[in-house]
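*Asks:* quick one: sequence plus predicted model below, questions after.
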2 protein chains.
Amino acid sequence: MRRRALLAAGFAASAAPAAGAAVPCFEPRGTGDLMVIVERARGALVVAESTHCTVVGRIEGLGDLSHASMVFSRDGRFAFVFGRDGGLSKVDLLEQRIVARIVQAGNAIGGAISNDGRIIAVANYDPGGVRLFDANSLSPLFEVPAIGADGTRSKVVGLVDTADGGFAFSLYEAGEIWLLERPDGTRAQLTKFAGVGSLPYDGNVTPDGRFYLAGLFGEDGLVLVDLWHPEAGPRRILDGYGRGQVPLPVYKMPHLEGWAAAGANLFLPAVGRHEVLVVDRKHWQEVARIPLLGQPVFVVVRPDGREAWVSFAPPHNGTVQVLDLEHLTVAETLAPGRAILHLEFAPRGDQLWLSARDDDRVLVIEPRSRRLLAALPADKPSGIFSTARAHRIGS
Amino acid sequence: MRRRALLAAGFAASAAPAAGAAVPCFEPRGTGDLMVIVERARGALVVAESTHCTVVGRIEGLGDLSHASMVFSRDGRFAFVFGRDGGLSKVDLLEQRIVARIVQAGNAIGGAISNDGRIIAVANYDPGGVRLFDANSLSPLFEVPAIGADGTRSKVVGLVDTADGGFAFSLYEAGEIWLLERPDGTRAQLTKFAGVGSLPYDGNVTPDGRFYLAGLFGEDGLVLVDLWHPEAGPRRILDGYGRGQVPLPVYKMPHLEGWAAAGANLFLPAVGRHEVLVVDRKHWQEVARIPLLGQPVFVVVRPDGREAWVSFAPPHNGTVQVLDLEHLTVAETLAPGRAILHLEFAPRGDQLWLSARDDDRVLVIEPRSRRLLAALPADKPSGIFSTARAHRIGS
C-alpha cells in the first residue's frame, strides 16, 4: 500500500485533527489477499499481495525471527508475530508498522489466537509454559506454568486454538497434553493428560478443530485427543510406524502443519523417514505410505485436496515433490530453487508461494501447470503466511 | 469505517492530487471481519463488522435485491452483487460506494467468481444462459446461451466456480449440467451432460470443489458429477428419497447451500419434506434423516462441524432448529425472531448472524451458549454474507 503523508490546512469533518497537523492519508486496500513473508536473518517482514503478486512494504525491527510464525486478527489487519527469542510483536499490515512489542519469555516456539480473536497465547520453552495476552493491547492476562506430574517444568510445543475458544498444547519433557478452556482469567479451566508418550515434539488440530494430534519424538507413534470427548482421554495411534526402527539422523524436525483431508485422509510427514504417512481419520489407521526422496518437513495440501506439495530437510531442500492424493503416488519432482523453507497456498488454491532462502526470493507458482507466475525479492525468506489463516480454526 | 473528507493545501508526496483538491481520507481498516447484509425491499446493503458487532455503513441504489446474493474479490474489498432484476453491481465495501453497475439480463439468479478472482459469471433466467464479465471493470467477456439438446433455451441455476478456474451450472428446463473450463474467452471449453434428470433447481459443489451436486424438482433424487473425472459422466443418487411421494406443497425452494462435512457426511434440506437428509459423501448413500418441524430452507453447518442450524419456510420461519451432527438429532428448537431468512457463521464459528426480516434487525448469537451478543438495525434484512467467502471454493 502506498502511503501518503500530507499536511492538511482545512478539514470538513469535526473528527479530524487540528489544522496544520500531519495527517497520514491511506489509500484504502483490502486485507484478504495479503501474504506475509518472514525475513529471518534480517528480523523483518515483507508484506506482499496475491492479486497482482507484488510487494506492498516491509516492517523491520522484529528481533530474532528464526522459526518465527504468526497469527492474524479477524479483520486481517494485524499480525501477531512469535519470535524464537520470546518476542511477541503486533504488526499493522496496512500501516506497515509495529503497534506493540514485548519480549515475554527467553525462548518461545509459536502461538495461537483464540476463536473470538481476543486472546493471544504463546508457547514458551524458557520458562516453560503458556502466557496469555490481550490481543488489543498485548497486556498480560495470566500464565500457565508447564509443570508436569513429575514436578519438573517442560517446554511447551504444539499450541493451537480450539473451536470452543480455548487452547490445546503439549509438554515436551513431561509427555503431557493440556487443554485450557475459557481462557479469560477468572473462569479458566485446565484439563491435564499425563503419560501420553515420550517427548511430544509438535501438535495440531484437524481443520474442524475436533482432533488434537501430537507427534512423539521419543516413541514410535502419535497421540490423539478427541476434543469433543476429552473425557475419553488420549489415544495412541500408528504405533510402530517405524520412527524407532530406522537409525536415520533427523536433520530437521517435520512440522505437523498443513495436514488436511483429501476425502477422509490425513497426510503426515514421518519423523526420520523418507515417507508421508496416509492416515484414515475415521479409524485413525495407516492407509498407505508414500515414499519420498528425502526427509519431509512440510506437507501442504492444495485447497481442493487433489494434490499435496512436500518440502524437505537438507540435503534435499532444493527439491519439492508433488503428491497425487487420489492415487497416493508422487506426481512430479521439481527443483524450484535453493533452500525451499516454506510453502503457502493462496486460500482457493490458484497460487502456491514458496520461499527460496538461498535465492533471496519468493516464488509464486500456478500449482496445476507448475508455471512460474512471479518471483518477489526477499532477504533470506523463511515462513509465508496468508491472512486467510485468520478464518481458520487451529491455524 | 469512518470517512473523512478534507481539503488539503500541501502535500509531501508527489503522487498526491493537486493542491486544493478534496482528498477523501480513510482510516485504515481490515476487510476480513466484514459482514454484508442485504436490505431487500430498500435495494441497499448494510456493511457491518464482527469484531465489535457494529454497522460500518450503508450502500444504496442496488435495484431489486429479492433473492440477491454476492461474491467477493480476493482482497475482501469488493462485493459483486447479483440482483434478481439482472443487475450486477461492483461495490467498494471500504469506500461504501458503487464502483460499477450494469443490468446484464432481464432476470438472474446469482453468480460466481473464478478461482483466480478475475472473472465474474452470472446465471441468467432471461435470456437463459451465463454471461461472463471482467471482475476489474465489469466489461462483458462473452456469453454462453443455455440452449439444451432439445433446442430450447433454459434458465440457468446452480452456478458455481470450480477449483480448476472454471464454472459449473445446470439448465432447469433442459435438465442438463454444463462445465465451462478456461473461461478466458479464447480457450474456453464447454462440456455438456444432457438428460441428467428433470428440472434441476439448484446446485453446489462440495467444499473441496470436487463434486457438483444438483437437486431435482421434477424427480425423486439428485444428480452428481465428479469434477475430477467428468469423463465418468453424471450419476444419480438418493433415488426415491421421497420427494415425489408426498404431496406437500413446497412453500419455498430449499437452497443447496451451506452443506458441509461433519466427518464424512453432507446435510441436505429435502424438497417438500420436513427432513434433513444425511448423505455419506464417500458412497453417496443416505445414512439417516433428521425429522424437523417444517420445510427446511437453509442448513448451515457450524465451522467445527458439530452442529448445524436450520431455517424454515413459512409458516415456521420464526423458528430455527439446531442439529447435533454427531448424534443426528435435533438438539434445540429456538424462536429467535420473526421471519428468519438467512444465517451466516463468522468463519471460525464464534458467532452466528441471523436476519430477522419482520423485526428489522440482524441478530448475532454465540452459537454454543445461544446467547444474544448483539442486534443490529437493518431494513427488512435477507441475505448475510461474510467476506471470508472470498477464500472458499464454490462460494
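*Replies:* That came through, no problem. Numbering: from 1, shown residues only, chains lettered A, B, ... in the order given.

*Asks:* I figured residue A:201 was touching residue A:222, is that so?
*Replies:* No. With contact defined as CB atoms under 8 Å, residue A:201 does not count as touching residue A:222 (10.5 Å). Glycine gets a C-beta too; all of them are placed from N, C-alpha and C.

*Asks:* which neighbours do the two have in common?
*Replies:* By the contact definition CB atoms under 8 Å, 6 or more residues apart in numbering or on different chains, residue A:201 and residue A:222 are jointly contacted by A:214-216.

*Asks:* looking at those residues, which are in strands?
*Replies:* A:214-216 (DSSP state E).

*Asks:* now these: which count as buried?
*Replies:* A:214-216 (16 or more other CB atoms under 10 Å in any protein chain shown).

*Asks:* for those residues, which one is nearest residue B:94?
*Replies:* residue A:214 (41.6 Å; CB to CB).

*Asks:* go ahead and confirm residue A:374 touches residue A:50.
*Replies:* No. The pair residue A:374 / residue A:50 is not scored as a contact, 9.4 Å apart, by CB under 8 Å.

*Asks:* so what sits against both of the two?
*Replies:* Listed as contacting both residue A:374 and residue A:50 by CB under 8 Å, 6+ apart are residue A:364.

*Asks:* and the two? Which one has more around it.
*Replies:* Applying other CB atoms under 10 Å in any protein chain shown to residue A:374 and residue A:50 shows that residue A:50 carries more neighbours, namely 28 against 16.

*Asks:* coming back round to it: and the ones in strands among the shared contacts of residue A:201 and residue A:222 as TSV, adding pLDDT and distance to chain B?
*Replies:* Output for those, formatted as TSV (pLDDT from 0 to 100; distance: CB to the nearest CB, whole Å):
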residue	pLDDT	distance to chain B
A:214	92	20
A:215	88	23
A:216	88	25
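
*Asks:* mind putting those into CSV with distance to residue A:37?
*Replies:* CSV is the format used below for those (distance: CB to CB, whole Å):
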residue, distance to residue A:37
A:214, 28
A:215, 26
A:216, 32
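
*Asks:* which among those residues gets closest to residue A:76?
*Replies:* Looking across those and measuring by CB to CB, the closest to residue A:76 is residue A:214, at 29.2 Å.

*Asks:* so who does that closest one touch?
*Replies:* For residue A:214, the contacting residues are A:157-158, A:170, A:177, A:196-197, A:200-203, A:222-224, A:256, by CB under 8 Å, 6+ apart.

*Asks:* which single one of the residues you listed is nearest to residue A:363?
*Replies:* Nearest to residue A:363 among the contacts of residue A:214, with distances taken as CB to CB, is residue A:256, at 24.4 Å.

*Asks:* just the strands in the stretch 201-350 of chain A please.
*Replies:* For the stretch 201-350 of chain A, applying DSSP state E, counting those that start in this stretch gives strands covering A:211-216, A:222-226, A:235-237, A:265-269, A:275-280, A:285-291, A:296-301, A:307-312, A:320-324, A:329-334, A:340-345.

*Asks:* ok, residue A:27 touching residue B:26?
*Replies:* Yes. Judged on CB under 8 Å, residue A:27 makes contact with residue B:26 at a distance of 7.5 Å.

*Asks:* residue numbers of the stretch 51-200 of chain A in contact with chain B?
*Replies:* By CB under 8 Å from any CB of the partner chain, the residues of the stretch 51-200 of chain A that approach chain B are A:51, A:72-78, A:92, A:94-95, A:115-117, A:163-165.

*Asks:* of the contacts of residue A:214 - the most surrounded one?
*Replies:* Neighbour max across the contacts of residue A:214 (other CB under 10 Å) = residue A:170, 32 neighbours.

*Asks:* which residues touch residue A:41?
*Replies:* Counting by CB under 8 Å, 6+ apart, residue A:41 touches A:379-380.

*Asks:* Three-state assignment for it, please.
*Replies:* coil (DSSP: H, G, I helix; E, B strand; the rest coil).

*Asks:* for it, what are phi and psi?
*Replies:* In terms of degrees, to the nearest 10, the main-chain angles of residue A:41 are phi -70, psi -30.

*Asks:* for residue A:361, see how far away it is.
*Replies:* Separation of residue A:41 from residue A:361 (CB to CB, to the nearest Å): 14 Å.

*Asks:* kindly report the same for residue A:36.
*Replies:* Distance of residue A:36 to residue A:361, given as CB to CB: 16 Å.

*Asks:* more neighbours: these two, which one.
*Replies:* Ranked by neighbour count (other CB under 10 Å), residue A:36 and residue A:361 place residue A:36 first, with 23 against 19.

*Asks:* ignoring the adjacent residues along the chain, who's closest to that one?
*Replies:* Excluding its sequence neighbours, the residue lying closest to residue A:36 (CB to CB, 6 or more residues apart in numbering or on different chains) is residue A:385, at 4.8 Å.

*Asks:* for that neighbour, list the residues it contacts.
*Replies:* With CB under 8 Å, 6+ apart, residue A:385 has these contacts: A:35-38, A:69-70, A:72, A:79, A:344.

*Asks:* now, which of those sits nearest residue B:267?
*Replies:* Using CB to CB, residue A:72 comes nearest to residue B:267 of these, at 29.6 Å.

*Asks:* give me the phi and psi for the closest residue to chain B within the stretch 151-300 of chain A.
*Replies:* Closest approach between the stretch 151-300 of chain A and chain B, counting by CB to the nearest CB: residue A:163, at 3.7 Å. With angles defined as degrees, to the nearest 10, residue A:163 sits at phi -70, psi -20.

*Asks:* residue A:171 too?
*Replies:* The phi/psi pair for residue A:171 (degrees, to the nearest 10) reads phi -100, psi 120.

*Asks:* I'd guessed residue A:296 sits against residue A:276; true?
*Replies:* Yes. Assessed by CB under 8 Å, residue A:296 is found in contact with residue A:276 at 6.0 Å.

*Asks:* what about the two, which has more around it?
*Replies:* Remark: of residue A:296 and residue A:276, residue A:296 carries more neighbours, 30 against 26, as counted by other CB under 10 Å.

*Asks:* how near is the more buried one to residue A:194?
*Replies:* Distance, residue A:296 to residue A:194, by CB to CB: 30 Å.

*Asks:* ok, back up a step: closest one to residue A:65 out of the buried ones among the ones in strands among the shared contacts of residue A:201 and residue A:222, please.
*Replies:* Of all those, residue A:65 sits closest to residue A:215, with 23.9 Å by CB to CB.

*Asks:* I figured the closest one hits residue A:198, correct?
*Replies:* No. Residue A:215 lies out of contact with residue A:198 (CB under 8 Å); the separation is 11.2 Å.

*Asks:* can you list residues touching both of these two?
*Replies:* By CB under 8 Å, 6+ apart, no residue touches both residue A:215 and residue A:198.

*Asks:* perfect, that will be all.
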